[in-house]
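Novice: Provided below for reference: sequence and predicted model.
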Amino acid sequence: MARQDGRQARQGFGLFEREDALDAAEEALDLLTGLADEAPSPPVSVPAPRDARVIPLHGRTGSAEQRPETPSAQGGVLVYAAPAGLGKTTLLAEIRRRAGARGCTVLSARGGDQEQRVAFHVARQLLQPQLAHASDAELRERLGSWYDIVGPALGLRAATAGSPPDPQGLRDGLDWVLTHLAVRRAPLVVVLDDAHWADPESLGWLASFAPRAEDLPMLLVVAYRPDELPDEGAEFTGRRSGQRPHGLAPLTAEAVARLVRDRIGAHADDAFCHDFWTVTAGNPFETVELAAKVRDRGLDPTADGAHELRDLAAALKGSGLVRRLERLGTATVRLAWACAVLGTEISPALAGALAGLGDEAVADCAERLREARVLAAPSTPDGPLEFVHPLIASAVYRAIPDAIRVAFHGQAAWCVIDAGLGPAAAARHLLETHPEGDPWVVTQLRAAARENLRAGAPDAARRHLARALREPPTADERAAVLFELGSASLLTEPATTVNHLRAALEEPIADPVLRQGIVYRLSQVLAHSDRLVEASELLESENGRTTDARSRLRIQAERFMWDALRSDEPESPARSRRLAALADRLPGRDLTERYIIGLRAWDATLRAEPATVALHHAERALEGGLSWADESRGFEVPVLVALIHLYADRPGRAEELFAAGTAEFEKQGWRGAHLSFAYTLLGYIRLRRGRLMEAEDFVRAGLRLAERVGPRTPALWYATGVMIEVLLARGRTDEAEQVAREHDFGEPFPATVTIPDCETVHAELLLATGRAEEACAALADIGRRLEPRGKRNPSCSPWQLYLALAEAATGSPVRALATAQDAVARARQYGAPSAIGQALRVTAEVSEGAERIKLLEESVDWLDQSPAAYELARSLVALGAALRRTERHAEAAEHLYRGLETAQDCGADGLVEEARAELAAAGLRPRALHTADGNSLTARERAAARASVRGVDPAAALGVDPTTAARLLSSVYRKLGTDRSGLAHALGESGEQESPATGETAAGTPDPVD
């Protein structure tokens, strides 16, 4: 489409002195539709329809149909900010018209003064017209796995039972829908008028989405009143991006004169036009409305008639508008009031029901209101009723006497329910009524809250429940309302949740199920608020008053869980004995029993009982299934059971469990703290396997999600701690320090025993940055707290290893050696090869002479039997360096070359440089490196693995020497993520099958040639 030239061609009907605003729109539309002379090149592909910052493990799916992007198109955001009446609505209508004329798909919405507290009101206006015509089957096909998450929010389906999505998960789903529309129906123009009145849920979503518009074939156009924009719309002020909104100034005297002569007649004289401008102050809305009044009155547009302008202008608003309405008759006034209470897109039938008018009376009164320029002409004969301008709607609403307005809202709620529009639509009216102890009001508000909570709008649910509490509910209902109110506040205001739930427990509660639900939820929020002692005491108290055996078992399970996560538990050994005695006699019939068995497995891990014992109980817990997304249970036990496999050298199995849990989180729409934990801990697993580059990617994704949750939250502690560990392993100490500073990673740390332990990670960072004395003091304090509680496994809590290094660095070699040797003994007791090998390496580092080399050789032997590639690389390089210093260059070269290749495969850049430096010191040149081929086993590796599983000597089976066979198995353990004891299971899960013709694996690769 060719561009129109000339100012006159660009001026829409009724738009005066808006050329600059229209020019900005024309330029943005040119870029969007590819007509600009020098449009910047867009990205090669549209961002993935889910959060592109998150690594896709189980990405949301939708229709594969896509419309190619116009190669030269570029999207963006166009914002107009101006006070009321300066022409924003008219301007946006012209932009919509021009976008449609260019072939753009246009989505349009408008905030409403009366609809601000209706969750997703704006989002539904934008997206419903594009989707509502589709059948349920078509919607499921189009939205894929987002259907259950965004469907209720958009009014496309009723919310189902189960845990609701968190607000961030819902935003991500809405992002996907809008991105998908932008791609399939490009170019797309999204217009939001009166953004200052948009509901917080929709406005927050669009504001967070706005930066993506530049990467899509989409133009987002927003208009608002600058003094009324809520915090959720701060993105549109330009403070972050530096792109200030376009302003709209009042019309000049010349523009007003042109408008007057355009609307009234060319014979309007200069004096009349000047007085017209003075009276209206150049406000376009008042100018147009006053011109219509002058024309209707037949006022002579000359200096002689100018004195009447002020009286006519006064009738446009305030008391003048009220008097004008009163002259139209009582029935017409009631209809105007009903429309003002109902808001926008008003159903004539609903307005009539509220005003107490029949259909004919509604039609007659509506026509009078149109003639009086109160209501706008309908787009269709049966179309909804709309005010001419929001200023008129606000004036009519404010003119309703207070008592009548409250009564109208109460009646409106009944009318909305009778019309079948549901409790959520009625709730906004009930919020405006006075409390009267009406059970029907409480029932509707509770139903609306459930609807909003299931749709992913907990703030709206909280507003409704708070109002229900003020009604108030009956004594029998009060505890239930407090429980629901506390649950709605859980994600955003945990302290408020605690207050509501404690208040609920003080009420008389006849239903034991309700009481226990309150107790479980209260203990959960206390624990997540780092108040584990209070959570444990609450459960202990409740256990004393509960008589039902199964309920007592559930309470015990909850208490065992929170006590297991405490770093200051006073009765840890006694609790362990009670837990073991209980778990050993439970068969795992239900979720409660399986949780207790899982906690028994975790306790065995913390106390360094043999890994086989911990794994036995972990698999027992998994036999009947553990849900990661059961809102009433939390996800702590499933996470701990997965981590048991990690610490027992089964990271492949741990990753399977985490992948399944992540899929549950994403399916449920839990994309805040839950998904942050999942990605962070997947990164932690990759770190333990020695896949440091993959680990960094996962943890960065988890860290970004945690940053959205908020500062100093458990999710952010986890993500920051693991990121520091990954960066230290990669040799990027300065960057690790920077991450710690940026996220305030320091004391006071939470009382929860986090994985990894934040205090130990902090001490590790102190040690890496040369602050050994601080590290030594911190680690000694950790030991003093954990030792009496029997938490002694170096595989999951390696504080002893770092303490030994810190003691050696601060001039206490004897103490350092004793600390390290104690850690070795504990690792041997636990039995995981990676833990033993790591402890032996640390012992070697604080030892001297021949003993050092002996310890490192044993460390390598153990780590060769583990999946811990990074730890193996460290021991190989350390052994090579020790041999080089004793002039045993040939042996040193063998270990250094192997350590260099392993470190290279891991992405341990600092260790690679260390190995190269040692080779250079030995007078050796690094040879060409062989890069490991991901997870794929070579033919010889699989043959060695199968021989080992069958109990056959791999060296004899393959006809190779024992050293070569050991290295083949070492590679198998690292690739499959297991040790010798888990090899049979890992081979069965790997999906690789032997080719009968060649003996190679289908997914395998040939061995590299040495």
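Specialist: Right, received. Where do you want to start? Numbering: from 1, shown residues only.
Novice: and V79, helix, strand or coil?
Specialist: strand (DSSP: H, G, I helix; E, B strand; the rest coil).
Novice: shouldn't it be in contact with P245?
Specialist: Yes. Counting by C-beta atoms under 8 Å, V79 does reach P245; the two are 4.0 Å apart. (Glycine included, C-beta is placed from N, CA and C.)
Novice: select the helix or strand of this structure having the lowest average pLDDT value.
Specialist: helix 7-10 (a mean of 37; mean pLDDT, DSSP states H and E).
Novice: packing partners for whatever helix or strand comes next after it?
Specialist: For helix 7-10, the following helix or strand on the C-terminal side (DSSP states H and E) is helix 19-33. Applying 3 or more C-beta pairs under 8 Å, 6 or more residues apart in numbering; DSSP states H and E, one finds that helix 19-33 contacts helix 7-10, strand 76-81, helix 88-101, strand 218-224, strand 246-247.
Novice: which among the ones you listed is found nearest to V639?
Specialist: Among the helices and strands packed on helix 19-33, strand 218-224 comes nearest to V639, with 38.4 Å by C-beta to C-beta.
Novice: need the per-residue pLDDT for E655.
Specialist: Per-residue pLDDT puts E655 at 92.
Novice: with adjacent residues omitted, what lies nearest to it?
Specialist: I685 (5.2 Å; C-beta to C-beta, 6 or more residues apart in numbering).
Novice: over to A109?
Specialist: Q125 (3.6 Å).
Novice: list the contacts for that neighbour?
Specialist: Neighbour list for Q125: 108-110 [criterion: C-beta atoms under 8 Å, 6 or more residues apart in numbering].
Novice: can you give me how far the helix or strand that contains it is from the chain middle?
Specialist: Here Q125 is covered by helix 121-131, with elements defined by DSSP H and E. Helix 121-131 sits 22 Å away from the centroid of its parent chain (C-alpha atoms, centre = their mean, to the nearest Å).
Novice: and stretch 182-197, what's buried?
Specialist: Buried residues in stretch 182-197, counting neighbours by 16 or more other C-beta atoms under 10 Å, are found at 182-197.
Novice: what's the end-to-end length of that stretch?
Specialist: Length of stretch 182-197, first residue to last, C-alpha to C-alpha, to the nearest Å: 25 Å.
Novice: same question for that stretch, mean pLDDT?
Specialist: Here the average pLDDT along stretch 182-197 is 94.
Novice: heads up, I number from 2, so please use that
Specialist: Let's use 2 as the start, then, which means that last one is stretch 183-198.
Novice: on that earlier part again, what's the most buried one of the helices and strands packed on helix 20-34?
Specialist: strand 219-225 (a mean of 28; mean count of other C-beta atoms under 10 Å).
Novice: identify the contacts common to V80 and P246.
Specialist: Joint contacts of V80 and P246 (C-beta under 8 Å, 6+ apart) are 237, 239.
Novice: checking the residue sitting furthest away from the middle of the chain next. Helix, strand or coil?
Specialist: Distance from the centre of the chain peaks at D305, with 65.9 Å (C-alpha atoms, centre = their mean). Recorded secondary structure, D305: coil (three-state DSSP).
Novice: which of the three states applies to the closest residue to L207 other than its chain neighbours?
Specialist: Sequence neighbours aside, L193 is the residue nearest to L207 in space, at 6.6 Å (criterion: C-beta to C-beta, 6+ apart). Secondary structure assignment for L193 (three-state DSSP): strand.
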